[in-house]
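Visitor: predicted structure and sequence below. I'll ask about it afterward.
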Amino acid sequence: MDLRKIPLFDMMARRLAWLGQRQQVLATNIANADTPEYKPRDVKPLDFAVMARGQMGPLQPTVTNPKHLVSATARPETAGKQKSKDPVETTISGNAVTLEEELMKANQNATDYELTTNLYRKHLAMFREALRSNN
């Protein structure tokens, strides 16, 4: 049985791959904390809404009450606004890596990876139990 054909497992596998790539990028940033002219990098955020829309295909949820679901075109006013990030400090050598910030990102990435692997493990156990009860 190919678990990647199940949308939930496919999304978790893509999330794990993204988290792995991000960990490599963050580790490179940390390793280059003293490299002159080095600018920190990050991967493009993984948008769960886009992934879910791709998995749903032509089916879309029905809005039964306008307070329950917000359509993509009628977003709340705060949804489109993002706080502008303070400019990153740059050293005399031109290095813009803030070690504390990169370590916080790496820690959050590790926590997200652990959460996703635990979800994956729990869903596998659920499938095993369902298969056992059918026999």
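Guide: Done, it's in. Residues are numbered from 1 along each chain as shown.

Visitor: can you name the element that comes right after the helix or strand of the chain with the lowest mean pLDDT?
Guide: The helix or strand of the chain with the lowest confidence, counting by mean pLDDT, DSSP states H and E, is helix 48-56 at a mean of 65. Taking DSSP states H and E as the definition, the helix or strand that follows helix 48-56 towards the C-terminus is helix 99-134.

Visitor: list the contacts of residue 20.
Guide: By C-beta atoms under 8 Å, 6 or more residues apart in numbering, the contact set of residue 20 is residue 113. The way it works is simple: take the backbone N, C-alpha and C, and place the C-beta from them, glycine included.

Visitor: and it, which of the three is it?
Guide: When the structure is reduced to helix, strand and coil (DSSP: H, G, I helix; E, B strand; the rest coil), residue 20 reads as helix.

Visitor: now it: how far from residue 13?
Guide: Residue 20 sits 11 Å away from residue 13, taking C-beta to C-beta, to the nearest Å as the criterion.

Visitor: report pLDDT for residue 78.
Guide: At residue 78, the pLDDT value in this model is 40.

Visitor: and for residue 47?
Guide: Confidence per residue is given as pLDDT, and for residue 47 that number is 79.

Visitor: tell me the spacing between residue 125 and residue 119.
Guide: The value you get for residue 125 to residue 119, if C-beta to C-beta is used, is 11 Å.

Visitor: look at these two and report which has more neighbours.
Guide: Applying other C-beta atoms under 10 Å to residue 125 and residue 119 shows that residue 119 carries more neighbours, namely 14 against 10.

Visitor: for the residue lying closest to that one once chain neighbours are set aside, the count of nearby residues, please.
Guide: In space, residue 119 comes closest to residue 12 once its chain neighbours are excluded; the distance is 6.2 Å by C-beta to C-beta, 6 or more residues apart in numbering. By the measure other C-beta under 10 Å, the count of residues near residue 12 is 18.
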